[in-house]
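Visitor: A predicted structure for the sequence below; I have some questions about it.
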Amino acid sequence: MLGLLGVGSAAVGAFLDPSRFGVDASLSASVPPGRWPMAGRTPQRSGYQPTSDGPTTDPTVAWEQTVGSGYGFLVASEDTVYVSTDRVSAYAAEDGARRWSQSLPANRTPEEVAALAATALETTGRAIATRVDDAHATAIRERLADEAPEATVSWSERSNYVVAHAPDYEAPELAASVGVVTAGTSDAVPAGEAAMIVREMGAAVERVDDVGVASLVRVVDQLPVLRERDVLIVAAGREGALPTVVAGLVDVPVIALPVSTGYGHAGEGEAALSGMLQSCTALSVVNVDAGFTAGTQAGLIARQIDAAVDR
């Protein structure tokens, strides 16, 4: 939870006494009175600032905002507050409104991902890479063009994945159908990832897009299609209501996929995830933007359906 203290507030935390850790206090940088203590201002990065008194009045909270998971950093610059956790986000300093948010790239370099894709293609006849940017996708395609020129390689710029098949790869076929449903066009990225995984596992995919609860007639019109599917993946951001609505109208398994859309209080998928977890209808929920996980779960259910049909 990110909270911005109002003007004139006191220091947000106490800093450690450096003598406890063998740090020479004389190495602390001199900070003019009224300045905030800052972490890492000594050679030992103790954050100890004995000359900084900071504002002295009681703190008040100007606004609060839920941010991503993991240890992060905060930088305030003019009218914007930047926060880095598992993603980088920018908030208006005045009211905390989210201005933009960007996920961080994977730790692996494009060359490392390309090497892994080449190995997967050689050993299994197929390679799948998700959450790839332009650099990763280009590296994969160039590596496979050199090492496996006969392979078919497809890249989804919208859903950020690359799929490659060797010429002799035999795709699985399941006697099952999975519906992938989105509330709006902004849900297409993780939904597309989920649909790709389902197809690669062998089930048929039926897309039903832009049927959010802002106009319930849209999803009602699609009920005949939804009720014919064996499993449904339902992606939604903002308040995340669509999976609950759909699960109450069908008698097949529903996998809720929260999407990191929305802004302000509990934005970036937090409200969607919470709403889906609190659903009063029978459904399962994956993590925010976890299209791969949703698709895999649906594919596993499809496999069991196919096995039951064979029996």
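Guide: Structure's in. What do you need?

Visitor: Tell me where the stretch 51-200 of the chain has helices.
Guide: Ranges of helices within the stretch 51-200 of the chain are 110-124, 134-147, 188-200, based on DSSP state H, counting those that start in this stretch.

Visitor: so which of the ones you listed is the most packed in?
Guide: Scoring these by mean neighbour count under mean count of other C-beta atoms under 10 Å gives helix 188-200 as the most buried, with a mean of 25. To be clear about C-beta, it is placed using only N, CA and C from the backbone, and glycine gets the same treatment.

Visitor: That one packs against which elements?
Guide: Secondary-structure packing of helix 188-200 (3 or more C-beta pairs under 8 Å, 6 or more residues apart in numbering; DSSP states H and E): strand 126-130, strand 161-165, strand 177-182, strand 204-208, strand 231-236, strand 254-258, helix 291-310.

Visitor: Turn these into JSON lines, including mean pLDDT, distance to Thr152 and mean neighbour count.
Guide: JSON lines is the format used below for the helices and strands packed on helix 188-200 (pLDDT from 0 to 100; distance: least, C-beta to C-beta, whole Å; neighbours: other C-beta atoms under 10 Å):
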{"stretch": "strand 126-130", "mean pLDDT": "92", "distance to Thr152": "10", "mean neighbour count": "20"}
{"stretch": "strand 161-165", "mean pLDDT": "93", "distance to Thr152": "5", "mean neighbour count": "22"}
{"stretch": "strand 177-182", "mean pLDDT": "95", "distance to Thr152": "22", "mean neighbour count": "27"}
{"stretch": "strand 204-208", "mean pLDDT": "95", "distance to Thr152": "18", "mean neighbour count": "17"}
{"stretch": "strand 231-236", "mean pLDDT": "95", "distance to Thr152": "25", "mean neighbour count": "29"}
{"stretch": "strand 254-258", "mean pLDDT": "95", "distance to Thr152": "28", "mean neighbour count": "30"}
{"stretch": "helix 291-310", "mean pLDDT": "91", "distance to Thr152": "20", "mean neighbour count": "19"}
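
Visitor: Report the residue ranges of every domain in the chain.
Guide: The chain breaks down into these domains under automatic domain parsing: 2-103, 110-165, 177-310.

Visitor: Minimum distance to Ala171: which of those has it?
Guide: domain 177-310 (6.7 Å; C-beta to C-beta).

Visitor: Could you check how far Cys223 is from Ala247?
Guide: For residue 223 the amino acid is Leu, not Cys. Distance of Leu223 to Ala247, computed by C-beta to C-beta, to the nearest Å: 12 Å.

Visitor: Can you pick out the residue with more neighbours from these two?
Guide: Taking neighbours as other C-beta atoms under 10 Å, Leu223 and Ala247 compare with Ala247 leading, 23 against 14.

Visitor: show me what contacts the more buried one?
Guide: Counting by C-beta atoms under 8 Å, 6 or more residues apart in numbering, Ala247 makes contact with Val234, Val254, Ala256, Ser279, Thr281, Ala282, Leu283.

Visitor: now swap in Tyr82 and tell me
Guide: Leu74, Val75, Ala76, Val88, Ser89, Ala90, Tyr91.

Visitor: State the distance from it to Ala236.
Guide: Counting by C-beta to C-beta, the gap from Tyr82 to Ala236 is 28 Å.

Visitor: Compare the contacts of Tyr82 and tell me which has the most neighbours.
Guide: Counting neighbours by other C-beta under 10 Å, Tyr91 leads the contacts of Tyr82 with 26 neighbours.

Visitor: Let me see the contact set for that one.
Guide: By C-beta under 8 Å, 6+ apart, the neighbours of Tyr91 are Leu2, Gln65, Thr80, Val81, Tyr82, Val83, Ala97, Arg98, Arg99.
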